[in-house]
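J.: sequence and computational prediction follow.
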Amino acid sequence: MKDQKTQLELRVAQLEAKLKTIRLAQTRNRFHFDDSHLSRCKAALAEIENRLKIEERTNELVGQFANDAIPVEKKDKPAAELTKEIETYFNEPGTVAGADKQ
């Protein structure tokens with residue numbers, strides 16, 4: 001029984017020593033960056049730069065084309081005026097298109 005207790009105490013001491021060694025190694029490695037986190041940060045910065053370039057280009061184009069006039073078609077003529085033009089064109093005043101002549 002004493003022998004087993006001594007063996008367990010020795011094993012616990014070995015595990016404690018191993019834990020201390022691991023903790024020491026971890027403190028040395030604290031200065032290493034997580035590459036996956038670093039790459040995500042780089043990707044985020046690249047995305048921000050891309051968005052800024054797009055905004056810059058959009059602003060340039062808006063400034064370039066903002067003063068260009070867009071041609072607007074004339075308003076439609078009233079129905080009575082169109083009917084008069086059609087009758088004048090066909091030289092048959094007072095007739096309705098598609099009506100039988102008598």
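T.: Looks like it came in fine.
J.: from the chain's centre, how far out does the host helix or strand of Arg11 sit?
T.: Here Arg11, judged by DSSP states H and E, is contained in helix 2-28. For helix 2-28, the gap between its own C-alpha mean and the chain's C-alpha mean amounts to 54 Å (Cα atoms, centre = their mean, to the nearest Å).
J.: now that helix: average pLDDT?
T.: Mean pLDDT, taken over the full extent of helix 2-28, equals 87.
J.: next secondary structure after that helix?
T.: Per DSSP H and E, helix 2-28 leads on to helix 35-65 as the next helix or strand towards the C-terminus.
J.: next, the buried residues of that next one.
T.: By neighbour count, and taking 16 or more other Cβ atoms under 10 Å as the criterion, helix 35-65 has no buried residues at all. C-beta here means a position set from N, CA and C on the backbone, and glycine is covered the same way.
J.: and Lys84, how many residues sit next to it?
T.: For Lys84, the tally of surrounding residues (other Cβ atoms under 10 Å) stands at 13.
J.: Phe90 - how many residues pack around it?
T.: Neighbour count of Phe90, defined by other Cβ under 10 Å: 10.
J.: tell me the pLDDT at it?
T.: pLDDT at Phe90 comes out at 87.
J.: checking Ala69 next. Helix, strand or coil?
T.: Using DSSP: H, G, I helix; E, B strand; the rest coil, the secondary structure recorded for Ala69 is coil.
J.: and for Lys74?
T.: Classification of Lys74 using three-state DSSP returns coil.
J.: quick check: phi and psi on it?
T.: Listed backbone geometry of Lys74 is phi -70, psi 160, with angles given as degrees, to the nearest 10.
J.: how close does it sit to Asn50?
T.: Using Cβ to Cβ, to the nearest Å, Lys74 is found at 44 Å from Asn50.
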